[in-house]
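J.: this one's structure only:
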């Protein structure tokens, strides 16, 4: 091989390697400072399959989701199960409340009874009425999770002490504390885990909400969460503002965009804060969340979200993602 040809081959190889490195290292296309936020499957993907069922969880994982958000209640006989509404008739072919029903009766119900799909012609079908899916126990889900999947438990019960005892028992038996985050709209449900040093809890919702409202309405940061905290709130939220007047009160309703760069900076004032934005169910909102630097976003359809998340990567990154390459 001549020297000129050898140099040419060497230069071509160097250019190829450089282009490949740029494709892999290229930051999120529209928002250079940030990595794409991780996807959290809301109720294991409530838009794609019957919510909080093993079928939905498996489907979400098949789309590459590594974070599952599930709703948990406790049965009459103390078994934590995946179910959200108080009344069983909301989603199943049964009735009554989870807290008043023994586990043996729950597993006979079809958790996909009310799940419907609308076809291209507009026809509505109920695909799971002929192929029932059941309300799973939290322990059953944990036993089936791949080792790289993280769980977010949203506690849906007003009986804080009972719920904490039952859920903590499962996490302890299955050695699953370090792969679990606990959340609830009721602060008491989080406070009840105080005796469990291993419990990883979100910041109480009212604390997150108050900080966001102070930022939005007062233009001030009233302190950040503790270092390493996990916080979660909707990107947008319908708000009602009431003004006290001498002759009564005035009320205004708005749909507020709660997060911006100032809010992110306020929450990140303490090192290691992880921000999860809820209700991200469109590609524009996903891009907005990514641009803000959210660590993760909650999505109803892992199928749709994984598709537009993948579109924001270069060709080589997309190929590496399909191979499961770390950091892709």
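T.: Cool, the structure landed. Model, not experiment: these values are computed from the prediction.
J.: Would you mind measuring the gap between the ends of stretch 224-233?
T.: Length of stretch 224-233, first residue to last, C-alpha to C-alpha, to the nearest Å: 15 Å.
J.: now it: how far from the chain's centre is it?
T.: 15 Å (C-alpha atoms, centre = their mean, to the nearest Å).
J.: Need the contact partners of it.
T.: Residues from elsewhere that reach stretch 224-233, judged by C-beta atoms under 8 Å, 6 or more residues apart in numbering: 181, 183, 200-203, 205, 207-209, 211-212, 258-259, 266-278, 298. In this view, the C-beta of every residue, glycine as well, is placed from N, C-alpha and C.
J.: rerun at 10 Å
T.: With C-beta atoms under 10 Å, 6 or more residues apart in numbering as the test, stretch 224-233 has contacts from 40, 69, 152, 154, 181-183, 200-205, 207-209, 211-212, 258-259, 263, 265-279, 294-296, 298.
J.: Please report how far residue 62 lies from residue 48.
T.: Distance from residue 62 to residue 48, counting by C-beta to C-beta, to the nearest Å: 10 Å.
J.: shared neighbours of these two, which are they?
T.: By C-beta under 10 Å, 6+ apart, the residues touching both residue 62 and residue 48 are 302-303.
J.: neighbour count winner among the two?
T.: residue 48 (22 against 11; other C-beta atoms under 10 Å).
J.: Now that the more buried one has come up, it's in contact with residue 304, right?
T.: Yes: contact criterion C-beta atoms under 10 Å: residue 48 and residue 304 qualify, at 8.3 Å.
J.: Show me whatever sits in contact with both of the two.
T.: Common neighbours of residue 48 and residue 304 (criterion: C-beta under 10 Å, 6+ apart): residue 63.
J.: for the stretch 151-300 of the chain, what are the low-confidence residue spans?
T.: Across the stretch 151-300 of the chain, nothing is flagged by pLDDT under 70.
J.: In it, what residue spans correspond to helices?
T.: Counting by DSSP state H, counting those that start in this stretch, the stretch 151-300 of the chain has helices at residues 160-173, 187-191, 205-213, 261-267, 283-292.
J.: okay if I get these as a markdown table plus distance to residue 120 and mean neighbour count?
T.: Output for these, formatted as a markdown table (distance: least, C-beta to C-beta, whole Å; neighbours: other C-beta atoms under 10 Å):
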| stretch | distance to residue 120 | mean neighbour count |
| --- | --- | --- |
| helix 160-173 | 42 | 18 |
| helix 187-191 | 42 | 18 |
| helix 205-213 | 39 | 16 |
| helix 261-267 | 40 | 17 |
| helix 283-292 | 21 | 19 |
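J.: Kindly reformat those helices as JSON lines and extend each row with distance to residue 74.
T.: Converted to JSON lines, the helices of the stretch 151-300 of the chain look like this (distance: least, C-beta to C-beta, whole Å):
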{"stretch": "helix 160-173", "distance to residue 74": "5"}
{"stretch": "helix 187-191", "distance to residue 74": "11"}
{"stretch": "helix 205-213", "distance to residue 74": "20"}
{"stretch": "helix 261-267", "distance to residue 74": "32"}
{"stretch": "helix 283-292", "distance to residue 74": "33"}
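J.: And the ones you listed: which comes nearest residue 310?
T.: helix 283-292 (11.4 Å; C-beta to C-beta).
J.: so how far is that closest one off the chain centroid?
T.: Chain-centre distance of helix 283-292: 15 Å, with C-alpha atoms, centre = their mean.
J.: What helices and strands are in contact with that helix?
T.: Contact here means 3 or more C-beta pairs under 10 Å, 6 or more residues apart in numbering; DSSP states H and E; on that basis helix 283-292 packs against helix 261-267, strand 274-278, strand 296-299, helix 302-311.
J.: What distance do you get for residue 234 to residue 102?
T.: Relative to residue 102, residue 234 is positioned 35 Å away (C-beta to C-beta).
J.: Nice, that's everything, thank you.
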